[in-house]
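Enquirer: just a sequence and a predicted model for now, questions to come.
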Amino acid sequence: MSKAAQTHIRPGRPWLDTDGRRIQAHGGSILHVGGTFYWYGENKEKTLPGSGIWHWGIRCYASRDLVNWEDRGLIIPPEPDDPTSPLHPAQQVDRPHIIHDRRTGRFVCWLKIMGELQQSTVLVADAVEGPYRIVRTGLRPLGMSAGDFDLVVDPTDGKGYYYFERVHSELICADLTEDYTDVTGFYSTHFPRPRPPFVREAPAYFRRGNLHYLFTSGTSGYFPNPTEAAVAETYHGPWTLLGNPHPGDPTGTSYRSQISSVFKHPHKKDLYIALADRWLPDVPAELCAKALEHMTNPPAQEAPADSRRDQARASLMDPNTSVADYVWLPIRFDGTMPRLDWHEEWRIDDFD
């Protein structure tokens with residue numbers, strides 16, 4: 001029996017689908033197609049500590065209100081019988097992004113595949129729910145090791161852009177080919193930083209009026225860190241840094257979350273929603289902050305034994321991401337500065 005319909009989004013609490021099961025759409029995004037919202041992301045239901053499983057495919061959910069989600073299953077299933085496949089469960093498949101090619105009607109999905117060299121796999125489908133077929137594997141865009149990313153399509157001319165972390169170095173904006181399955185070779189570089197955790201990853205792009213925005217995260221594994229907002233007048237910048245958009249979070253952990261994407265509600269005047277994952281729901285904010293400080297200013301020698309610190313480190317090395325939660329928050333604009341205020345709960349219907 002389906003559970004009663006929900007009316008509120010409750011950040012940081014377990015989110016269940018219409019059958020009462022945990023939603024598994026991590027590192028995800030939302031598409032609006034034909035009046036239906038589709039939320040897709042990494043299926044982590046089997047990623048228990050010690051399992052050797054990083055993902056169990058890409059799962060998709062459908063909704064009419066962005067609150068109650070029906071499980072539509074695996075739109076990109078894992079391939080457990082082929083260890084050489086980029087979709088094998090042990091492969092570190094991260095951050096799926098799907099864009100719609102309005103010229104052909106196809107949907108194009110990029111996956112980040114982590115390993116010694118971070119690479120990309122590209123798939124296409126004739127419908128948002130698939131089936132998807134692989135068209136590129138082992139792709140190293142621009143010959144670079146490509147980490148976290150976002151895909152963007154200009155709503156007027158259909159041109160595509162690919163924002164990605166050049167691993168442990170800088171952020172790249174690259175033009176996509178006409179079919180969105182590769183890059184053209186034209187690119188720009190942004191936010192060069194010396195090393196993790198300062199290097200920016202997890203780019204989440206959105207546009208408001210004539211201004212382009214990026215949220216980015218520092219590189220600290222599953223431990224959360226301060227988000228950084230930036231604004232520009234073009235896709236390729238130059239970008240102006242605006243600072244941390246989480247004004248009410250003194251821990252510097254972005255409310256213990258990492259933003260994966262930003263969704264503009266198509267039927268609301270000015271509702272932008274930051275979609276974020278709370279990868280370590282059982283690790284307190286103060287321990288996350290201590291871990292980040294340790295990475296930012298590593299001590300000259302190992303600190304004395306600390307059971308809580310060691311527990312936090314263990315959570316990072318082999319986390320139970322099957323119970324990761326979501327932190328969805330509406331963006332408030334203070335002039336050109338985007339702000340993310342904490343809400344114990346909030347409603348889509350409260351926005352015009």
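Expert: Yep, it's here. Just so it is clear, the model here is predicted, and its values are computed rather than measured.
Enquirer: what ranges do the helices span in this protein?
Expert: Taking DSSP state H, the helices of the chain run over residues 285-296, 307-317.
Enquirer: list the contacts for N320?
Expert: Each residue near N320 by Cβ atoms under 8 Å, 6 or more residues apart in numbering is listed here: T47, L48, P49, D282. Every residue, glycine included, has its C-beta placed from N, CA and C.
Enquirer: could you rerun that using 7 Å?
Expert: Contacts were defined as Cβ atoms under 7 Å, 6 or more residues apart in numbering; by that measure N320 touches L48, P49.
Enquirer: the residue lying closest to D94 once chain neighbours are set aside bridge partners, please.
Expert: Of all residues beyond its chain neighbours, the one nearest D94 is K112 (4.4 Å), with distances taken as Cβ to Cβ, 6 or more residues apart in numbering. Under the criterion DSSP bridges, K112 forms beta bridges with D94, S120.
Enquirer: which residues touch K112?
Expert: Contact criterion Cβ under 7 Å, 6+ apart gives D94, R95, Q118, S120, A146, G147, D148, F149 as the residues in contact with K112.
Enquirer: save the residues you listed as TSV, and put in distance to D334, pLDDT and neighbour count too.
Expert: Putting these into TSV (distance: Cβ to Cβ, whole Å; pLDDT from 0 to 100; neighbours: other Cβ atoms under 10 Å) gives the following:
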residue	distance to D334	pLDDT	neighbour count
D94	32	94	21
R95	29	95	24
Q118	35	92	21
S120	36	97	22
A146	33	95	25
G147	30	94	24
D148	27	96	25
F149	28	98	25
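Enquirer: which one among these gets closest to R193?
Expert: G147 (12.9 Å; Cβ to Cβ).
Enquirer: I figured the closest one hits H168, correct?
Expert: No. Using Cβ atoms under 7 Å, G147 is not in contact with H168; the gap is 8.1 Å.
Enquirer: quick one: low-confidence parts of this protein?
Expert: 1-3, 300-317 (pLDDT under 70).
Enquirer: and the contacts of stretch 15-30?
Expert: Applying Cβ under 7 Å, 6+ apart, the external contacts of stretch 15-30 come out as 2-3, 14, 37-45, 59, 61, 68-71, 94-95, 97, 260-261, 263, 275, 277, 321, 324, 326.
Enquirer: just the buried ones from the residues you listed, in ChimeraX syntax?
Expert: Restricted to the buried members of the contacts of stretch 15-30, where burial is judged by 16 or more other Cβ atoms under 10 Å, the ChimeraX selection command reads as follows:
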select :37,38,39,40,41,42,43,44,45,59,61,68,69,71,94,95,97,260,261,263,275,277,321,324,326
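Enquirer: which of the contacts of stretch 15-30 fall in strands?
Expert: Where those overlap with strands, as defined by DSSP state E, the overlap consists of 37-42, 59, 61, 70-71, 94-95, 97, 260-261, 263, 275, 277, 326.
Enquirer: how about the contacts made by the most centrally placed residue in the chain?
Expert: Among the residues of the chain, the one closest to the centroid is S260, at 2.2 Å (Cα atoms, centre = their mean). S260 makes contact with G27, G28, S29, R95, A202, A204, L275, A276, D277 under the criterion Cβ under 7 Å, 6+ apart.
Enquirer: pipe these into CSV and attach distance to T18 per row.
Expert: Converted to CSV, these look like this (distance: Cβ to Cβ, whole Å):
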residue, distance to T18
G27, 22
G28, 17
S29, 20
R95, 25
A202, 29
A204, 27
L275, 19
A276, 22
D277, 21
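Enquirer: that older thread, how near is the residue nearest to D94 to Y213?
Expert: Distance check for K112 against Y213: by Cβ to Cβ, to the nearest Å, it reads 21 Å.
Enquirer: likewise for M144?
Expert: Spatial separation of M144 from Y213 under the definition Cβ to Cβ is 24 Å.
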